[in-house]
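**Q** could you look at this predicted model? Sequence included:
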Amino acid sequence: MALRDSLADFFEFEEHGTDLRTEVLAGLTTFLTMSYIVVVNPSILAGIPGEKPGIVVSGYGHGEVVSMLAVVTIIAAATATLIMALYANRPFGQAPGLGLNAFFAFTVVGALGISWQTALAAVVVEGVIFIALTAIGAREYIIRVFPEPVKFAVGTGIGLFLAVIGLQAMRIVVDDPETLVQLGPVASDPVAIVSAVGLFFTFALYARGVRGSIIIGILGTTALGWVVANSGLVGSDAASQLVAGGANATYDITPLAGAFVTGFADIEAFTFALVVFTFFFVDFFDTAGTLTGVAQVAGFLDDKGNLPDIDKPLMADAIGTTVGGMLGTSTVTTYIESATGVEEGGRTGMTALVVALLFLASLAVVPLAAAIPLYASHIALVVIGVVMLSNVVDIAWDDLSYAIPAGMTILVMPLTYSIATGIAAGIVTYPIVKAARGEWADVRPGHWVLAAAFVLYYVVRTRTLAA
């Protein structure tokens, strides 16, 4: 009884019209809806030599790296969410974000050819900058610097980007030398067949509002793949592709923890700055947008539509990102799935505390992360990618000065396989379109500076690639 009263006093249950039981159930609900990240984040970040870019640790197998990343994912999520609970007293769950982990692996490490250690260094630098800017209250200035249509379009662009990555891993979409991509052999490839069945199953659960539908779908698809592989319905080659390799799980994260330090040894300044900028841009506006959206559901917003003391949850995000980068994972952000817990009545940091504790408890299932095949884990990317497309309704499509930069951001991002390039396309387009329409009052010097910097970078980079 004393503990219950202490929690009620610390988290101010009475002021927020809630109680311990409600908060615990809300925390459980939020965790179930975002727990898929324990499996998905490692599968995206872990590289496969010759097949997939990402983190490859010399002397360790793919399964071992996946399990290391699962441990790091859990620690980073628990740390950030614990700060959210005890410092910000808000019911928001945090973890490494989808989209930025794909940018880390496929763009930074893959397309740009930057070492994963240097990519982690960029995450840490972004987190430190985020902490500093949050501490001095520079949020309003930052928001004014970036074009509004680009901010609204980033979520949709990332959704398309994630969906393409997921569909390729599931072999539903494949490369084509003439058309770039085409429909895969979904009627003859066992991986594509199992993936399609798993995807539709997951969509059905999600549409029904089943809590934990994504993680259930991933596990169900993995189980189906195992059954098909061991039933004699397919040959040995196909069977080996349907199941993950040996788990070889490990809880030793020393090869990842602190690896960011060596990443500072060989840095190309402009490219590194671009990577840091992209991490910061997406993290900041994704977090700010998510916080505002979930806070609206909870009734936290004031008369002007602002979240009081938003700097506190932003600080939790910034610290979580910094800690995550130091340990070995990509940027941490606030999850929109927090809305499910809020809808269950969660109103205080007690909800977040439950989420953090459940993340720590999930350390017991780390070996499971290494046993999930790539096609099964990437179902989450397609589902979340489709959900993120809803952001497109926030764009003023009837205003060409909004529609053109937003459209360029959304289109260029998946087509170039780069979140950074999509953002750059929108930022360069915005002041040009505004100036062409004579709307000079909407263009700030910072818009021109950012546009010029991106043009310079891509001129230099594309010439270097051509050479």
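**A** Yep, that arrived.

**Q** distance of the residue lying closest to residue 283 once chain neighbours are set aside relative to residue 255?
**A** If the residues on either side of it in the chain are set aside, residue 283 comes closest to residue 331, at 4.8 Å by Cβ to Cβ, 6 or more residues apart in numbering. C-beta coordinates here come from the backbone N, C-alpha and C atoms, glycine included. Distance of residue 331 to residue 255, given as Cβ to Cβ, to the nearest Å: 20 Å.

**Q** give me the more crowded residue out of these two.
**A** Counting neighbours by other Cβ atoms under 10 Å for residue 331 and for residue 255 shows that residue 331 has the greater number, 32 against 17.

**Q** isn't the more buried one right next to residue 276, touching?
**A** No. At 10.6 Å, residue 331 and residue 276 do not qualify as touching, with contact defined as Cβ atoms under 8 Å.

**Q** now do the shared contacts for the two.
**A** Common neighbours of residue 331 and residue 276, using Cβ atoms under 8 Å, 6 or more residues apart in numbering, are residue 126.

**Q** where does the residue nearest to residue 283 land on pLDDT?
**A** Per-residue confidence for residue 331 comes out at a pLDDT of 94.

**Q** list the helices and strands whichever strand or helix holds residue 238 packs on?
**A** Using DSSP states H and E, residue 238 sits in helix 236-242. Counting contacts by 3 or more Cβ pairs under 8 Å, 6 or more residues apart in numbering; DSSP states H and E, the secondary-structure elements packed against helix 236-242 are helix 190-207, helix 213-229.

**Q** now the element after that helix, going C-ward?
**A** Once helix 236-242 ends, the next helix or strand along the chain (criterion: DSSP H and E) is helix 269-298.

**Q** tally up the residues packed near residue 174, please.
**A** As a burial measure, the neighbour count of residue 174 was computed by other Cβ under 10 Å and equals 15.

**Q** list the contacts for it?
**A** Neighbour list for residue 174: 168, 181, 182, 183, 184, 185 [criterion: Cβ under 8 Å, 6+ apart].

**Q** could you measure from residue 44 over to residue 207?
**A** From residue 44 across to residue 207, the span is 24 Å (Cβ to Cβ).

**Q** ditto for residue 164
**A** From residue 164 across to residue 207, the span is 22 Å (Cβ to Cβ).

**Q** what do you get for residue 214?
**A** Using Cβ to Cβ, one obtains 12 Å as the distance from residue 214 to residue 207.

**Q** okay, now the unreliable bits of the stretch 301-450 of the chain?
**A** Low-confidence regions of the stretch 301-450 of the chain, defined by pLDDT under 70, span residues 304-305.

**Q** how about the strands in it?
**A** Listed from the start of the chain, the stretch 301-450 of the chain has strands (DSSP state E, counting those that start in this stretch) covering 332-334.

**Q** if we can go back for a sec, can you tell me which of the contacts of residue 174 are buried?
**A** A residue is treated as buried here by neighbour count (16 or more other Cβ atoms under 10 Å); on that basis the buried members of the contacts of residue 174 are 168, 184.

**Q** residue 410: which of the contacts of residue 174 is nearest?
**A** Proximity of the contacts of residue 174 to residue 410 was ranked by Cβ to Cβ; the top entry is residue 181 with 17.0 Å.

**Q** and that closest one, that one's in a helix?
**A** No. The secondary structure assignment for residue 181 gives strand rather than a helix, going by DSSP: H, G, I helix; E, B strand; the rest coil.

**Q** picking that back up, pull out the buried positions in the helix holding residue 238.
**A** Of all the residues in helix 236-242, those buried under the rule 16+ other Cβ under 10 Å are 239, 241, 242.

**Q** rewinding a little: between residue 164 and residue 207, which is the more surrounded one?
**A** Regarding residue 164 and residue 207, a neighbour count based on other Cβ under 10 Å identifies residue 164 as having more, with 20 against 9.

**Q** quick check: angle from the helix or strand containing the more buried one to helix 190-207?
**A** Per DSSP H and E: residue 164 is located in helix 148-169. Direction vectors for helix 148-169 and helix 190-207, defined by axes from the mean of the first three to the mean of the last three Cα atoms, to 10 degrees, enclose an angle of 130 degrees.

**Q** quick one: list the elements packing against helix 148-169.
**A** Contacting helix 148-169 under the criterion 3+ Cβ pairs under 8 Å, 6+ apart are the following elements: helix 100-102, strand 173-176, helix 269-298, helix 379-388, helix 400-415, helix 419-436.

**Q** redo the buried residues of helix 236-242 as TSV? Include pLDDT.
**A** Shown next, in TSV, are the buried residues of helix 236-242 (pLDDT from 0 to 100):
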residue	pLDDT
239	84
241	85
242	89
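
**Q** before we move on, the earlier item: now distance to residue 369 too, for the helices and strands packed on helix 148-169, in CSV please.
**A** Shown next, in CSV, are the helices and strands packed on helix 148-169 (distance: least, Cβ to Cβ, whole Å):
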stretch, distance to residue 369
helix 100-102, 14
strand 173-176, 25
helix 269-298, 24
helix 379-388, 13
helix 400-415, 27
helix 419-436, 24
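
**Q** out of the ones you listed, which gets nearest to residue 347?
**A** Counting by Cβ to Cβ, residue 347 lies closest to helix 269-298 out of these; the figure is 6.1 Å.

**Q** now the angle from the closest one to helix 419-436?
**A** Angle, helix 269-298 to helix 419-436, by the same axes, to 10 degrees: 80 degrees.

**Q** residue 295 and residue 307 touch, don't they?
**A** Yes. Counting by Cβ under 8 Å, a contact exists between residue 295 and residue 307, whose distance comes to 4.5 Å.

**Q** what residues are up against residue 92?
**A** 81, 84, 290, 291, 294, 313, 316, 334, 335, 338, 352.

**Q** only the buried subset of these, as a PyMOL command please.
**A** Listed next is the PyMOL selection for buried residues among those, using 16+ other Cβ under 10 Å:
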select buried, resi 81+84+290+291+294+313+316+334+335+338+352
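
**Q** which one of the contacts of residue 92 is nearest to residue 24?
**A** Nearest to residue 24 among the contacts of residue 92, counting by Cβ to Cβ, is residue 352 at 11.7 Å.

**Q** now the contacts of residue 92 in JSON lines, with distance to residue 116?
**A** What follows is those, written out as JSON lines (distance: Cβ to Cβ, whole Å):
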{"residue": "81", "distance to residue 116": "25"}
{"residue": "84", "distance to residue 116": "27"}
{"residue": "290", "distance to residue 116": "26"}
{"residue": "291", "distance to residue 116": "29"}
{"residue": "294", "distance to residue 116": "32"}
{"residue": "313", "distance to residue 116": "29"}
{"residue": "316", "distance to residue 116": "25"}
{"residue": "334", "distance to residue 116": "25"}
{"residue": "335", "distance to residue 116": "24"}
{"residue": "338", "distance to residue 116": "29"}
{"residue": "352", "distance to residue 116": "30"}
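
**Q** now residue 27: how far from residue 393?
**A** As judged by Cβ to Cβ, residue 27 and residue 393 stand 30 Å apart.

**Q** repeat for residue 417
**A** Taking Cβ to Cβ as the measure, residue 417 falls 25 Å from residue 393.

**Q** and the two? Which one has more around it.
**A** Neighbour totals were compared for residue 417 and residue 393, and residue 417 leads with 17 against 9 (other Cβ under 10 Å).
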